[in-house]
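Q: 3D model of this:
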Amino acid sequence: MTTTTLAVLVPLLPFLGSAAGLLLGRTAPGFVRPLAVLPTLAAAVLAALVAVRQGGGETIEAATQLTPTGSVSIDLALYIDGFAALVAVLVGVVATCVQVYSTGYLRDDPRYPSYAALVSLFTSAMLLVVYSGDLMVLLVGWEIMGICSYFLVGHYWETPEARAASLKAFLVTKLGDVPFLIGLFALATDAGTFRIDGILDAVERGALDHPTLIALLLLAGVAGKSAQFPLHTWLPDAMAGPTPVSALIHAATMVAAGIYFVARLLPVFALSAAAMTVLAVMAAVTMVGSALAALAQDDIKRVLAYSTIGQLGYMAGALAVGDRGAAVFHLLAHGAFKALLFLAAGAVIHAAGTNSLSAMSRMSGLTKRIPDAYWTMTVALLALAALPPFAGFFSKEAVLVAAEHTALGDRTVAPAGAGWTVLVAGLLTALLTAAYAMRLWLLAFRGRGAEAPDHGRQPLPMTAVLWVLAVPSLGFGLTVTYLDDWFDSHALTPTVTTAVLGTGIALVGAVVTYAVWRTLATKAGKAPAREAVAAHVAHPDAEAGQVEAEALHLPHPAEDPTDPGRALLGPLHRPAAAGFHLDALYAAMFVRPVLAAASLVRFLDREVVDTYVRGAGTGTQWLGWLVRRAQTGNVQTYLSALLAGSVVLAIAAVLVAAGA
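A: Residues are numbered from 1 along each chain as shown. As a prediction, the model looks like this:
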């Protein structure tokens with residue numbers, strides 16, 4: 001079987017699995033789980049075969065015209081280079097792990113068939129984005145992911161939080177997609193094609209007339225899809241969906257699509273120094289702001305959500321300094337340990353009965369109760385904190401090295417100012433990342449209160465997946481010296497300067513956080529303790545096994561005396577916990593004016609337009625009433641009226657003649 005045929009089957013198999021799952025979900029429920037897992041697993045295996053055959057060598061290309069559209073045709077095209085081959089493997093592996101994990105996590109969910117089908121469709125759409133060589137076909141996968149995220153985030157649609165989160169995710173990403181679509185059309189107009197290879201050829205020939213405008217329009221869509229400032233606010237709220245969905249969105253689909261798109265078309269963005277500077281500033285603000293917000297969150301999944309935003313900022317920063325190899329390398333490493341973090345968090349939430357870190361800090365025994373989640377989540381947090389030899393260390397160092405080279409003028413793809421911006425923000429974010437990773441670990445696993453409520457053993461599919469993902473989280477970075485051919489033959493090994501500086505800063509963040517927690521815990525231990533008692537289980541549409549935080553008789557999160565985040569952030573804690581009030585700002589700047597305009601339009605429609613409509617109807621009714629009153633049915637009356645009318649007309653004629 002040819003490599004092209006294998007590549008076509010990679011996105012096709014999950015799509016067919018999704019369609020079959022939807023058709024057979026009610027009539028043959030026994031087939032739902034095999035149809036969820038096996039096509040996705042097969043796609044992952046085929047993606048690995050395609051990667052082996054591609055081998056980091058020549059780009060695999062194939063195309064057939066989809067439809068003649070005039071001057072710019074749309075083609076079903078493949079464009080598989082080293083980046084695409086590796087990202088497809090990531091998508092397949094993570095999606096398979098999510099499907100397997102979900103068979104245990106949502107085993108009692110009545111809507112599991114539709115959920116599994118949507119996850120398969122989501123996977124198929126992302127694989128289409130990865131392999132597509134035509135931007136219009138890529139856009140199809142791009143938009144299908146938006147629809148799938150709407151349904152999956154709103155899976156627990158009975159809750160107002162899930163409904164609001166799904167709408168917010170859809171609308172905010174669409175806000176970025178509008179300029180993105182305009183940018184695609186402008187790019188195709190300048191290049192004369194939607195084909196990626198044709199666009200890259202046009203860049204080499206200098207045929208793009210409006211590179212800055214095109215790049216900025218495209219960046220708007222990237223900011224929405226990959227949750228970059230200022231369109232990142234939808235991602236923390238998307239945690240209202242099931243935890244496996246969060247793992248899929250954050251690790252291998254949706255948010256990775258924007259970064260991957262810029263990496264694939266980086267030469268287009270590199271034509272504009274202004275666009276690269278904007279991307280660098282956007283990445284820097286995203287990195288630092290999200291890390292501060294993560295340090296203040298009480299919900300374990302929101303901590304991880306802001307963490308994803310910050311790590312995407314690292315990737316965007318690597319692209320801003322012109323190093324797509326470092327960006328995709330960090331995308332791959334991050335995909336492994338972030339999927340592990342979310343899936344382990346699901347196990348922790350199930351065991352603790354709450355997703356509140358404040359509540360977990362009053363519990364004990366979680367480490368012994370869920371050793372698999374404890375050890376694997378520890379590995380993932382170490383990778384997130386970028387400590388050697390874990391995967392996050394090597395990939396984050398690749399970003400810092402790229403920023404250092406640009407800042408010092410060793411590379412001229414981007415302005416030196418962009419390099420300094422990314423480098424300083426990256427080092428500060430490394431400090432904050434280690435701090436909130438240590439805080440999460442301490443509050444979740446080092447509680448000193450009452451025994452956590454027992455919700456039974458974790459299903460085997462859940463724990464098995466955790467250990468599978470722990471392997472790349474620990475060892476993927478060690479392959480860095482063997483991946484040069486896959487990343488434009490560009491070395492990604494750390495340098496002594498950034499390795500020592502980045503690791504030292506991370507250690508400082510972790511050690512300071514631990515010291516503050518230890519001091520606060522000691523003080524809290526001397527105060528009268530309040531007993532933590534497990535109570536009723538939350539409504540069934542919440543996370544599996546989740547207990548309402550308020551049902552545990554614990555202090556309010558704001559009163560948690562052992563939270564080091566509050567002490568470290570000081571006066572920044574309150575605004576950081578609220579995401580620096582960006583939602584409130586957007587509500588004041590955009591939502592309220594739109595609602596006011598809608599109210600004005602409604603008033604004009606009701607009081608002005610409807611008045612004219614009602615007036616026309618009323619006049620017609622009155623005229624009809626008069627005509628109806630004249631219809632008496634008396635022939636003599638009709639003849640008298642006819643005679644009178646004739647007399648009037650005769651008199652009028654005589655008067656007109658006399659006047660003439």
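Q: Flag the shaky bits of this structure, pLDDT-wise.
A: For the chain, residues meeting the criterion pLDDT under 70 lie at 69-70, 452-456, 526-559, 660.
Q: packing partners for the longest helix along the chain?
A: Determined from DSSP state H, the single longest helix within the chain is helix 160-191. Packing partners of helix 160-191 (3 or more Cβ pairs under 8 Å, 6 or more residues apart in numbering; DSSP states H and E): helix 135-153, helix 196-205, helix 211-225, helix 234-237. Backbone N, C-alpha and C define where each C-beta goes, glycine included.
Q: Next secondary structure element downstream of the last one?
A: Right, the one you point to is helix 234-237. For helix 234-237, the succeeding helix or strand toward the C-terminus, using DSSP states H and E, is helix 243-251.
Q: Pull that next one out as CSV, backbone CA atoms only.
A: Written as CSV, here are the backbone C-alpha positions of helix 243-251 (Å, rounded to 0.1, in the frame of the first residue of the first chain):
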residue,chain,number,x,y,z
THR,A,243,-12.2,15.9,31.5
PRO,A,244,-11.2,13.6,28.6
VAL,A,245,-12.5,16.3,26.2
SER,A,246,-10.3,18.8,28.0
ALA,A,247,-7.3,16.5,27.5
LEU,A,248,-8.1,16.2,23.8
ILE,A,249,-8.6,19.9,23.2
HIS,A,250,-5.6,21.0,25.2
ALA,A,251,-3.1,18.3,24.0
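Q: I'd like to know which elements that helix is packed against.
A: helix 82-105, helix 112-131, helix 135-153, helix 300-320, helix 324-352.
Q: could I get those helices as TSV with mean neighbour count and distance to residue 381?
A: As requested, the helices and strands packed on helix 243-251 are exported to TSV (neighbours: other Cβ atoms under 10 Å; distance: least, Cβ to Cβ, whole Å):
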stretch	mean neighbour count	distance to residue 381
helix 82-105	26	18
helix 112-131	26	26
helix 135-153	21	25
helix 300-320	28	10
helix 324-352	28	7
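Q: Turn these into CSV, including distance to residue 407.
A: Below are these laid out as CSV (distance: least, Cβ to Cβ, whole Å):
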stretch, distance to residue 407
helix 82-105, 24
helix 112-131, 31
helix 135-153, 32
helix 300-320, 12
helix 324-352, 14
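Q: what's the closest of these to residue 438?
A: Minimum separation from residue 438 across these (Cβ to Cβ) falls at helix 300-320, 11.6 Å.
Q: Next, count neighbours for residue 498.
A: A total of 23 residues lie near residue 498 under the criterion other Cβ atoms under 10 Å.
Q: likewise the one 3 residues further on?
A: Residue 501: 17 surrounding residues under other Cβ under 10 Å.
Q: distance of it from residue 374?
A: Using Cβ to Cβ, to the nearest Å, we find residue 501 at a distance of 31 Å from residue 374.
Q: got it, and residue 505?
A: From residue 505 to residue 374 the distance is 26 Å (Cβ to Cβ).
Q: What of residue 405?
A: In this structure, residue 405 and residue 374 are 39 Å apart, going by Cβ to Cβ.
Q: before we move on, what about residue 57?
A: Taking Cβ to Cβ, one finds residue 57 at 42 Å from residue 374.
Q: between the two, who's got more neighbours?
A: residue 374 (20 against 11).
Q: Correct me if wrong: the more buried one contacts residue 381.
A: No: counting by Cβ atoms under 8 Å, residue 374 does not reach residue 381; the two are 10.7 Å apart.
Q: just to revisit the earlier point, can you say which of the helices and strands packed on helix 243-251 is nearest to residue 434?
A: Of all the helices and strands packed on helix 243-251, helix 300-320 sits nearest to residue 434, with 11.4 Å by Cβ to Cβ.
Q: counting contacts, what elements does the closest one pack onto?
A: Contact here means 3+ Cβ pairs under 8 Å, 6+ apart; on that basis helix 300-320 packs against helix 234-237, helix 243-251, helix 255-264, helix 273-294, helix 324-352, helix 357-360, helix 391-407, helix 416-445.
Q: Let me have those in TSV, adding distance to residue 156 as columns.
A: Converted to TSV, those look like this (distance: least, Cβ to Cβ, whole Å):
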stretch	distance to residue 156
helix 234-237	13
helix 243-251	10
helix 255-264	21
helix 273-294	24
helix 324-352	14
helix 357-360	20
helix 391-407	31
helix 416-445	23
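Q: Out of those helices, which is closest to residue 97?
A: Nearest to residue 97 among these is helix 324-352 (6.4 Å), distances taken as Cβ to Cβ.
Q: If I take the closest one and helix 391-407, what angle do their directions form?
A: Angular relation of helix 324-352 and helix 391-407 on a 0 to 180 degree scale: 150 degrees, by axes from the mean of the first three to the mean of the last three Cα atoms, to 10 degrees.
Q: re the thing from before, can you add distance to residue 316 and give the helices and strands packed on helix 160-191 back as a markdown table?
A: Formatted as a markdown table, the helices and strands packed on helix 160-191 follow (distance: least, Cβ to Cβ, whole Å):
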| stretch | distance to residue 316 |
| --- | --- |
| helix 135-153 | 17 |
| helix 196-205 | 20 |
| helix 211-225 | 8 |
| helix 234-237 | 14 |
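Q: which stretch among those comes nearest residue 614?
A: helix 135-153 (39.5 Å).
Q: Give me the angle between the closest one and helix 211-225.
A: Angle of helix 135-153 versus helix 211-225, following the same axes, to 10 degrees, is 20 degrees.
Q: Count the neighbours of residue 364 for me.
A: Residue 364 has 18 neighbours, counted by other Cβ under 10 Å.
Q: wait, doesn't it sit right on residue 444?
A: No: Residue 364 is beyond contact range of residue 444, at 11.6 Å (criterion: Cβ under 8 Å).
Q: mind checking which of the helices and strands packed on helix 243-251 is nearest residue 218?
A: Proximity to residue 218, assessed across the helices and strands packed on helix 243-251 by Cβ to Cβ, is greatest for helix 135-153 (10.0 Å).
Q: Show me what the closest one is packed against.
A: Using 3+ Cβ pairs under 8 Å, 6+ apart, helix 135-153 is in contact with strand 74-80, helix 112-131, helix 160-191, helix 211-225, helix 243-251, helix 255-264.
Q: Enumerate the positions of the fourth one that are buried.
A: Of the residues in helix 211-225, 211, 213-225 count as buried by neighbour count, 16 or more other Cβ atoms under 10 Å.
Q: Count the neighbours of residue 629 for me.
A: Around residue 629 sit 8 other residues, with neighbours defined as other Cβ under 10 Å.
Q: where does it land in three-state SS?
A: For residue 629, the assignment made with DSSP: H, G, I helix; E, B strand; the rest coil gives helix.
Q: Helix or strand: which one has residue 501?
A: Assigned by DSSP H and E, residue 501 belongs to helix 496-525.
Q: which other residues reach the next helix or strand after that helix?
A: In the C-terminal direction, the helix or strand that comes right after helix 496-525 (DSSP H and E) is helix 564-569. Here helix 564-569 makes contact (Cβ atoms under 8 Å, 6 or more residues apart in numbering) with 292, 295-296, 435-436, 439, 442, 512-514, 516-517, 520, 560, 573, 576.
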